[in-house]
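Student: Got a predicted structure plus its sequence, pasted below:
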Amino acid sequence: MHKKTPKRYQILYHLLTVLVIIAVVPLLISAYTLIRINQNVLENDLLLLHTQLATDTARQISNFMARIFDELEIVARTQLLDVPLKTGERERLLLFFLEQYPSVLRFSLMDSAGRQVESAHRVDRVSPLFPINQGSNEALLREALQGKRVFSSTFIAASPKTPVLLVYQPVKNNAGQTLGVLSACVTLEDINDIISRVRIRRQGYAYLVDSQGKLIAHPNRVRVLQEENMKEVEIIKNYLLLGKTGGTIPFRDKDDREMLGAYATVKQMGWGVVIQEPREDAYLSLFEMKRQTIIWGLVAAIVAAAVGIGFARHLSNPIKEFAQSALSIAAGNFNSRIEVRTKNEIGQLAETFNYMTRQLEIYDKNMRDMFLSTVRSLAAAIDAKDPYTRGHSERVTQYSLVIAEEMKLTSREKEKINIAALLHDVGKIGIDTGILRKPGTLSEQEYSLIKQHPVLGANIMAPIKQLTEIVPLMRHHHEFYDGTGFPDKIHGDRIPLGARILCVADTFDAMTSDRSYQKAIEVNHVVGQITGWSGTRFDPKVVNAFLSCFKSGRIIKNN
């Protein structure tokens, strides 16, 4: 008894080892995968958050500038340059609007010659000699005199030291003529306040740059007053490269710190709002998630091991057989039959599955056969309207498939041609039988009706989703290669290849069959006619394939 005990426990330990490996290894792998997935999700969420913040901030700045432009347009409308005013009235009017619009530091009114008519400034905020950046003003003034609102690049005014922007608003009369220009010096302090209010966790913030990468607004005002150029920062390079298209990227800042950020453009201004946050701050929650995942993964592993021990004491061979069968199925092709010899529930399930796949195969074949039988019946019903065309659709189908085989088309293409050939004349169901059976030459009106049958057939079959790729072949089977056919007069390769094949097969059968309006033409003469129409009515490649099939005896027509 003492010698048998170790042997019994050794088997138990082997089984326990297998169970622990099966339970713990997938768990550890799934935990690692879950961490990676969550990390990707978190990164996407962070970038989406940054993008949303950048977009919202850009929208606020855009709305602020739109409000400024609207205010300046109101002021410009009140400047009646073609009406003489008393001394001091224009200045009082401008001072009144300065009180109404606190973002404007100075107004200057110029006539159509660019001469200053009047000016007003905030005595409490700027000096009378407040500089207005004369660098490119003359060019902007000339453009504004053409009736277009323009604005300068941002710059730092000397007194007081603050970022500003010059806006030139045309002054027009009631007839829309430009009489002068209203120049406004707008402070960007409000925009700086908008930027400074953006905070993300511990160290995330926003800033604003112009189209050259120059800093316009930043929580650190000193950097703005220094007009710091940010174009060497990776995210700013992206912004400048892509122009007005926003985006999100991980990048390194000027101090070579890893950052996460996004940018968005300010409409009509060409400015870019940048949101950035240190990567370590953004991933604080991810680090905690990893720690919790590892802890609970270990707990789950311990629980799985405990449960494995309990089951291992009672199960051995059944578990082994089940594992071998499961691994065998897992290593096989799921499209093939499952081979399970056991007679329990698993064996019954495998037999049921195999039976189901067999029945699906039979069902699929029956559905295809039924569909083709229905199509053939419909084609026969159409041919029956005219005793002269009985069997026409079947013969056109036969000829078309032989040509398609000669051209080495795929099985899928041949299947489409098969159905299209059977249905190509279905539109004749909408044509009066008297016209179809009329002996002799048709009138121009009757022939026009006959020419509508490809369109009618296509319209009849168009609602059937399964025939989406078939309908174009039906519609265009009377189009000629040189564009003189009907109904759409398309030409060359614009005509579907299947329709080009049907056109040759349909012509051959029609000319070699007795019709109400003509007797069957001798076969060799018809072949000569088709050869002569190569490149005009018919695709030369299709004609060559037809001739090869005719010469080899695969296309035969008895008169």
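Tutor: Good, I have the coordinates.

Student: Do a quick rundown of the strands in the stretch 101-250 of the chain.
Tutor: Per DSSP state E, counting those that start in this stretch, the stretch 101-250 of the chain carries strands over the ranges 104-111, 116-121, 150-151, 155-158, 161-172, 178-187, 199-200, 204-209, 215-217, 247-252.

Student: Nearest to residue 137 among those would be which one?
Tutor: Nearest of the strands of the stretch 101-250 of the chain to residue 137, taken as Cβ to Cβ: strand 161-172 at 6.9 Å. No exception for glycine: its C-beta is placed from N, CA and C like everyone else's.

Student: now the strands of the stretch 101-250 of the chain in CSV, with mean neighbour count, mean pLDDT and distance to residue 427?
Tutor: Output for these, formatted as CSV (neighbours: other Cβ atoms under 10 Å; pLDDT from 0 to 100; distance: least, Cβ to Cβ, whole Å):
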stretch, mean neighbour count, mean pLDDT, distance to residue 427
strand 104-111, 22, 88, 72
strand 116-121, 17, 85, 77
strand 150-151, 19, 90, 63
strand 155-158, 16, 80, 73
strand 161-172, 21, 89, 63
strand 178-187, 23, 89, 64
strand 199-200, 16, 86, 66
strand 204-209, 24, 88, 65
strand 215-217, 24, 90, 67
strand 247-252, 17, 67, 53
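
Student: Tabulate the ones you listed (a markdown table), appending distance to residue 270.
Tutor: Shown next, in a markdown table, are those (distance: least, Cβ to Cβ, whole Å):
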| stretch | distance to residue 270 |
| --- | --- |
| strand 104-111 | 21 |
| strand 116-121 | 27 |
| strand 150-151 | 10 |
| strand 155-158 | 15 |
| strand 161-172 | 12 |
| strand 178-187 | 16 |
| strand 199-200 | 25 |
| strand 204-209 | 10 |
| strand 215-217 | 11 |
| strand 247-252 | 16 |
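
Student: closest one to residue 36 among those strands?
Tutor: Nearest to residue 36, of the strands of the stretch 101-250 of the chain and by Cβ to Cβ, is strand 247-252 at 16.4 Å.

Student: helix or strand right after that closest one?
Tutor: Counting by DSSP states H and E, the next helix or strand C-terminal to strand 247-252 is strand 258-266.

Student: Now that next one: average pLDDT?
Tutor: Average pLDDT, strand 258-266: 82.

Student: Quick check: the gap between residue 294 and residue 302.
Tutor: 13 Å (Cβ to Cβ, to the nearest Å).

Student: Looking only at neighbour counts, state which of the two leads.
Tutor: residue 294 (14 against 11; other Cβ atoms under 10 Å).

Student: Can you check the pLDDT for the more buried one?
Tutor: So, for residue 294, pLDDT stands at 70.

Student: Compute the first-to-last residue distance for stretch 143-154.
Tutor: 18 Å (Cα to Cα, to the nearest Å).

Student: The strands of the stretch 101-250 of the chain: which one's closest to residue 240?
Tutor: strand 204-209 (8.7 Å).

Student: Enumerate the beta-bridge partners assigned to residue 207.
Tutor: Assessed by DSSP bridges, residue 207 has beta-bridge partners residue 274.

Student: and it, what is it in contact with?
Tutor: By Cβ atoms under 8 Å, 6 or more residues apart in numbering, residue 207 lies in contact with 195, 215, 217-219, 230, 273-274, 276.

Student: Make CSV from those residues and add distance to residue 150 to it.
Tutor: What follows is those, written out as CSV (distance: Cβ to Cβ, whole Å):
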residue, distance to residue 150
195, 24
215, 22
217, 21
218, 26
219, 30
230, 25
273, 22
274, 25
276, 31
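
Student: Nearest to residue 58 among these?
Tutor: residue 273 (4.3 Å).

Student: thinking the closest one is in contact with residue 266, fair?
Tutor: Yes. Applying Cβ atoms under 8 Å, one finds residue 273 in contact with residue 266, separated by 6.5 Å.

Student: Who has more neighbours out of those two?
Tutor: Set side by side, residue 273 and residue 266 show more neighbours around residue 273, with 30 against 23, by other Cβ under 10 Å.

Student: Okay, now stretch 513-522: how far is its last residue from its first?
Tutor: Distance across stretch 513-522, first residue to last, is 9 Å (Cα to Cα).

Student: Quick one: mean pLDDT over it.
Tutor: Stretch 513-522 shows a mean pLDDT of 80.

Student: Stretch 76-94 too?
Tutor: Averaged across stretch 76-94, the pLDDT comes to 77.

Student: Touching that stretch from outside, list them.
Tutor: 75, 97, 107, 109, 111-112, 117-120, 169-173, 179-180, 182.

Student: now residue 89: how far from residue 250?
Tutor: From residue 89 across to residue 250, the span is 59 Å (Cβ to Cβ).

Student: no wait, residue 174
Tutor: Per Cβ to Cβ, residue 174 is found 56 Å from residue 250.

Student: before we move on, what about residue 60?
Tutor: On the measure of Cβ to Cβ, residue 60 and residue 250 end up 25 Å apart.

Student: And residue 48, by the same measure?
Tutor: Per Cβ to Cβ, residue 48 is found 14 Å from residue 250.

Student: and if you look at residue 298?
Tutor: Taking Cβ to Cβ as the measure, residue 298 falls 31 Å from residue 250.

Student: How about residue 413?
Tutor: Separation of residue 413 from residue 250 (Cβ to Cβ): 48 Å.

Student: swap in residue 505?
Tutor: Taking Cβ to Cβ, one finds residue 505 at 62 Å from residue 250.

Student: For this protein, which element, helix or strand, carries the lowest mean pLDDT?
Tutor: The helix or strand of the chain with the poorest confidence is helix 317-331; it has a mean of 42 (mean pLDDT, DSSP states H and E).

Student: what's the nearest residue to residue 509 if we skip its chain neighbours?
Tutor: What sits nearest to residue 509 in space, not counting adjacent residues and going by Cβ to Cβ, 6 or more residues apart in numbering, is residue 395, at 4.9 Å.

Student: for the one you found, helix, strand, or coil?
Tutor: Secondary structure state of residue 395, per DSSP: H, G, I helix; E, B strand; the rest coil, is helix.

Student: What count of nearby residues applies to it?
Tutor: Quick note: residue 395 (other Cβ under 10 Å) scores 21 neighbours.

Student: hang on, it packs against residue 512?
Tutor: No. With contact defined as Cβ under 8 Å, residue 395 does not reach residue 512; the gap is 9.2 Å.
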